[in-house]
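Novice: sequence first, then the predicted structure:
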Amino acid sequence: MAQVTLRNVVKKYDEVLAVRGVDLDIADKEFIVLVGPSGCGKSTTLRMIAGLEEISGGDIAIGGNVVNDVPPKDRDIAMVFQNYALYPHMNVYENMSFGLKLKKTPKEEIDRRVRQAAGILDITELLDRKPKQLSGGQRQRVAMGRAIVRDPKVFLFDEPLSNLDAKLRVQMRTEIKKVHQKVRTTTVYVTHDQVEAMTLADRVVVMNAGLIEQVGSPNDLYHMPATKRRQAPYG
Amino acid sequence: MANVAVAAGAPVRPLHYGSISKSRRWALRWSYFFLVLFCIFFLMPPIYMFITSIKGSAEISAATNPWWVFHPTLENYAELLTKNEYLIFFRNSALVSVCVVIISMVISVTAAFALARMKFWGSTALATGVFLTYLVPDTLLFIPLFKMFAFVRDTTGIELMNHWWTLIILYPTLSVPFCTWIMIGYFASIPKELDEAALIDGASWLQTLTKIFIPVALPGIIAATIFAFTVSWAQFLYPLAFTTSTDQLVLPVGIVTTLIKGDVFNWGQIMTGALLGAAPPLIIYAFLMDYYIAGLTAGATKG
């Protein structure tokens, strides 16, 4: 359990500024959604928190410790990818326990955690299956399960629902919300879907062109959009 | 198709219904025509080898129908398999090929992983360079190799000429570039998120390679293994140039140099030796065929 702090975080690709100084305080147990058009820097911001992208300037702190030069595995985070990124040659159980095995967690502890996470996500009967035998929704659950078993300080979601069809998306949305209410882990969630942002978030962070335009609860955002452009989707 | 429909009790449809089935029928006819043509073309030499191998030398030189055996005999097989030299060629070939496969695969898998995934300065140029070295024909390389061998002998006193194990050092120059190229393509088709997930899960580069990439890319690895084996098993020029003593020869060169004495060609044994020599790659192909085809095509689309 931890808060995440971003201080004037900058990302430069050669001469292009993808993220131009982002300041953000994410409280412990909070569900934050980064939303904005494609290319606005929301995914880059998430990947910088994960440690998959080096930051070009500023500071990122997780749980009070600056993690600028800490490799991803030592940041105590878990990430769910848009295309699930399940290991295709391992079954669900092995997929979920891979990280714990690498940390040399005792076998009984791994088993307990995997079964607990599988219980939360309702995938206990899928544990022996290979990813290719699962539907999109089930795969996404497994990907979330892989994140949950590690009991990380922060969950990072990178557009986890955009590969699913509309009906499943709604269902998984409630699922994610439920999981968050159960495990209460600080969560950063990236999406370009306004509805997803409004329904999931404790606070929504609206980004555009590498900058934060507005931060607020879904309610604030709905009633007091900061810019004309923000008003458009809500009438 | 019409027969099946009738048998199942379905309404009978006219045999010619529409241009699609007609053009399909013609396409099938043409494909069968060419398939048969190619089968004859490619199977003729091995069949001829087999027929000759079970003939006695008198029958081979007699002016009879070369495609028919009047007095089948196994004397060529018996003679060849009891001949000490031939077994030595076989042993040399097997040892060389197995070692070359292992060395090539270790080098090319690790190299391909580095070139495909660890974006470092010059990695793209290096990957292209690896492929370009594959394009250099071995006929151009063996004269510089002679020079290098002489240099090694002059400086270290190690004689590289006329030893079968020298081939273990030489063949990877042919197999590694192509295997690396296959593996780069294969690794590149593995989604980037997979190694990022492994990275977050706490895997080191080596663990990502051994626990994720190698199992996922297994069909590609098998394809590369078959390639490396075939290259080293069938290579002719290098052993011809660099080995001379009978006990240092490998199969392809051994057959040619020991079974042809001056202008006397011992055809029966040459054919037998070649046929037996072709068996190991054939057996390996047969076992790994399914994987091999998957390996050749799977790189094309996202895995």
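Specialist: Ah, there it is.

Novice: grab the nearest non-local neighbour of the one residue sitting closest to the centre of chain B.
Specialist: When C-alpha atoms, centre = their mean is applied to chain B, the residue found nearest the centroid is B:Thr230 (2.5 Å). Of all residues not flanking B:Thr230 in the chain, B:Pro281 sits nearest, at 5.5 Å (C-beta to C-beta, 6 or more residues apart in numbering or on different chains). To be clear about C-beta, it is placed using only N, CA and C from the backbone, and glycine gets the same treatment.

Novice: name the helices or strands packed onto the lengthiest helix in chain A?
Specialist: Looking across chain A with DSSP state H, the single longest helix is helix A:166-183. Counting by 3 or more C-beta pairs under 8 Å, 6 or more residues apart in numbering or on different chains; DSSP states H and E, the packing neighbours recorded for helix A:166-183 are helix A:107-121, helix A:136-149, helix A:194-200.

Novice: which strands or helices does the shortest one pack on?
Specialist: In this structure, helix A:194-200 packs against strand A:31-35, helix A:166-183, strand A:186-191, helix A:218-223, with contacts taken as 3+ C-beta pairs under 8 Å, 6+ apart.

Novice: how about 10 Å then?
Specialist: Contact here means 3 or more C-beta pairs under 10 Å, 6 or more residues apart in numbering or on different chains; DSSP states H and E; on that basis helix A:194-200 packs against strand A:31-35, helix A:166-183, strand A:186-191, strand A:203-208, helix A:218-223.

Novice: how about the helix or strand following the shortest one as PDB, C-alpha atoms only?
Specialist: The one in question is strand A:31-35. Sequence order places helix A:42-50 as the next helix or strand after strand A:31-35, per DSSP states H and E. Output of helix A:42-50 as PDB, limited to C-alpha atoms (Å, rounded to 0.1, in the frame of the first residue of the first chain):
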ATOM      1  CA  LYS A  42      -0.800   9.000 -20.700                       C
ATOM      2  CA  SER A  43       0.700   5.600 -21.600                       C
ATOM      3  CA  THR A  44       4.200   7.000 -21.500                       C
ATOM      4  CA  THR A  45       3.500   8.300 -18.000                       C
ATOM      5  CA  LEU A  46       2.200   4.900 -16.900                       C
ATOM      6  CA  ARG A  47       5.200   3.200 -18.400                       C
ATOM      7  CA  MET A  48       7.500   5.600 -16.600                       C
ATOM      8  CA  ILE A  49       5.900   4.800 -13.300                       C
ATOM      9  CA  ALA A  50       6.400   1.100 -14.200                       C
END
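
Novice: quick one: helix A:42-50 to strand A:31-35, angle?
Specialist: Interaxial angle of helix A:42-50 relative to strand A:31-35 (axes from the mean of the first three to the mean of the last three C-alpha atoms, to 10 degrees): 140 degrees.

Novice: ok, B:Gln207 - contacts?
Specialist: A:98, A:102, B:198-199, B:201, B:213 (C-beta atoms under 10 Å, 6 or more residues apart in numbering or on different chains).

Novice: farthest pair within these?
Specialist: Spatially, the most separated pair among the contacts of B:Gln207 is A:Leu102 and B:Phe213, at 15.1 Å (C-beta to C-beta).

Novice: how about the strands in chain B?
Specialist: Along chain B, the segments classed as strands by DSSP state E run B:260-261, B:264-265.

Novice: residue 109: how many residues sit nearby?
Specialist: Since no chain was named, I'll use chain A. A:Glu109 is surrounded by 10 other residues when neighbours are defined as other C-beta atoms under 10 Å in any protein chain shown.

Novice: let's do chain B instead
Specialist: As a burial measure, the neighbour count of B:Val109 was computed by other C-beta under 10 Å and equals 23.

Novice: ok, now how distant is it from B:Gly220?
Specialist: When C-beta to C-beta, to the nearest Å is the yardstick, B:Val109 and B:Gly220 sit 9 Å from each other.

Novice: where does A:Gly21 land in three-state SS?
Specialist: Here A:Gly21 is strand, with the state taken from DSSP: H, G, I helix; E, B strand; the rest coil.

Novice: how about residue 127: what's its closest non-neighbour residue?
Specialist: You didn't say which chain, so I picked chain A. For A:Leu127, the nearest residue in space outside its immediate sequence neighbours is A:Tyr93; the separation is 4.4 Å by C-beta to C-beta, 6+ apart.

Novice: actually it's chain B I care about, not the one you picked
Specialist: Using C-beta to C-beta, 6+ apart and skipping residues adjacent in sequence, the residue nearest B:Ala127 is B:Leu115, 4.6 Å away.

Novice: need the contact list for B:Asp263.
Specialist: Contact partners of B:Asp263, counting by C-beta under 10 Å, 6+ apart, are absent.

Novice: what's the distance between it and B:Lys55?
Specialist: In this structure, B:Asp263 and B:Lys55 are 20 Å apart, going by C-beta to C-beta.

Novice: what do you get for A:Leu168?
Specialist: Counting by C-beta to C-beta, the gap between A:Leu168 and B:Lys55 amounts to 70 Å.

Novice: can you check A:Asp158 too?
Specialist: Summarising the geometry, the distance separating A:Asp158 from B:Lys55, computed by C-beta to C-beta, is 70 Å.

Novice: repeat for A:Ala147
Specialist: With distances taken as C-beta to C-beta, A:Ala147 is found 71 Å from B:Lys55.

Novice: save the helices and strands packed on helix A:194-200 as TSV, and put in mean pLDDT too.
Specialist: Below are the helices and strands packed on helix A:194-200 laid out as TSV (pLDDT from 0 to 100):
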stretch	mean pLDDT
strand A:31-35	92
helix A:166-183	87
strand A:186-191	93
strand A:203-208	91
helix A:218-223	83
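
Novice: and those as JSON lines, adding mean neighbour count?
Specialist: Formatted as JSON lines, those follow (neighbours: other C-beta atoms under 10 Å in any protein chain shown):
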{"stretch": "strand A:31-35", "mean neighbour count": "24"}
{"stretch": "helix A:166-183", "mean neighbour count": "15"}
{"stretch": "strand A:186-191", "mean neighbour count": "26"}
{"stretch": "strand A:203-208", "mean neighbour count": "22"}
{"stretch": "helix A:218-223", "mean neighbour count": "15"}
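
Novice: I'd like to know which of the ones you listed lies nearest to B:Ala125.
Specialist: Nearest of those to B:Ala125, taken as C-beta to C-beta: strand A:186-191 at 34.4 Å.

Novice: now that closest one against helix A:136-149, angle please.
Specialist: For strand A:186-191 against helix A:136-149, the angle by the same axes, to 10 degrees is 150 degrees.

Novice: chain center to strand A:186-191: distance?
Specialist: The chain centroid and the centroid of strand A:186-191 are separated by 4 Å under C-alpha atoms, centre = their mean, to the nearest Å.

Novice: so which residues on chain A come close to chain B?
Specialist: A:47, A:50-52, A:71-75, A:77-90, A:94-95, A:97-104, A:143, A:146-147, A:150, A:152, A:156, A:158 (C-beta under 10 Å from any C-beta of the partner chain).

Novice: give me that answer again for 7 Å
Specialist: Selection of chain A residues close to chain B by C-beta under 7 Å from any C-beta of the partner chain yields A:50, A:52, A:72-73, A:77-79, A:81, A:83, A:85, A:87-89, A:98-99, A:102-103.

Novice: great, nothing more from me.
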